[in-house]
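Undergrad: sequence first, predicted coordinates after that:
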Amino acid sequence: MIQRVQTIWLFLAAFFSGALFIFPLYHYTLGGAVEPIIMGAKNEYALLLLTALMTLLPLISIFMFKNRKRQKGLVWLSILSSAAFIAVMLMKIQNLKNAQIPATNDNFALPGPIIPVIAIVFLFLALSGIRKDDALVKSVDRLR
């Protein structure tokens, strides 16, 4: 339902997760190359799948407002996928640094790596809103 505040939080989480398709995550050069190579979510297959999952799950959970238990489950799954995205991103970067030809001139391309953390914050805010709705419905049921 649009009137609920967690709808806004879920939409913002999906929006920021979708921004990972646009923003790069990491810049590096290999060997004696002059031009830097840009690592983004759309360039790596695992990151692409996790980004799609991170974007779609909050959007799907917006429309699960009648089944709060399932909605909470989808939000938790989205939080786990965001954490998995961060872990896979850091693993890929570490693999670049430990490669046969190590990456040089490497640095994080802000705001890319910060976006999943922002999405997790919005997802936790949505989760607290869902819990408040649950408590409100239980209190109204007690009055009947």
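TA: Sure, I can see it. Since the model is a prediction, treat every value here as computed from it, not as a measurement. Residues are numbered from 1 along each chain as shown.

Undergrad: report all helices and strands that the helix or strand of the chain with the lowest mean pLDDT contacts.
TA: Within the chain, judged by mean pLDDT, DSSP states H and E, the helix or strand with the poorest mean is strand 103-108; its value is a mean of 74. The contact analysis (3 or more CB pairs under 8 Å, 6 or more residues apart in numbering; DSSP states H and E) places strand 103-108 against strand 24-30, helix 68-97. In short, each C-beta sits where N, CA and C put it, glycine included.

Undergrad: 6 Å instead?
TA: For strand 103-108, the packing partners by 3 or more CB pairs under 6 Å, 6 or more residues apart in numbering; DSSP states H and E come out as strand 24-30.

Undergrad: now Asn98, what are its backbone angles?
TA: Per-residue torsions, Asn98: phi -100, psi 10 (degrees, to the nearest 10).

Undergrad: hmm, I typed the wrong one, I wanted Pro36.
TA: Main-chain dihedrals, Pro36, degrees, to the nearest 10: phi -80, psi 150.

Undergrad: that one contacts His27, doesn't it?
TA: Yes: contact criterion CB atoms under 6 Å: Pro36 and His27 qualify, at 4.6 Å.

Undergrad: coming back round to it: centre of the chain to the least confident helix or strand of the chain, how far?
TA: 23 Å (CA atoms, centre = their mean, to the nearest Å).

Undergrad: in PDB, list the C-alpha atoms belonging to it.
TA: Listed next in PDB are the C-alpha coordinates belonging to strand 103-108 (Å, rounded to 0.1, in the frame of the first residue of the first chain):
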ATOM      1  CA  ALA A 103      46.400  -4.600 -10.600                       C
ATOM      2  CA  THR A 104      48.100  -1.200 -10.100                       C
ATOM      3  CA  ASN A 105      46.700   2.300  -9.800                       C
ATOM      4  CA  ASP A 106      43.700   0.700  -8.100                       C
ATOM      5  CA  ASN A 107      41.100   2.500  -6.100                       C
ATOM      6  CA  PHE A 108      37.400   2.400  -5.300                       C
END
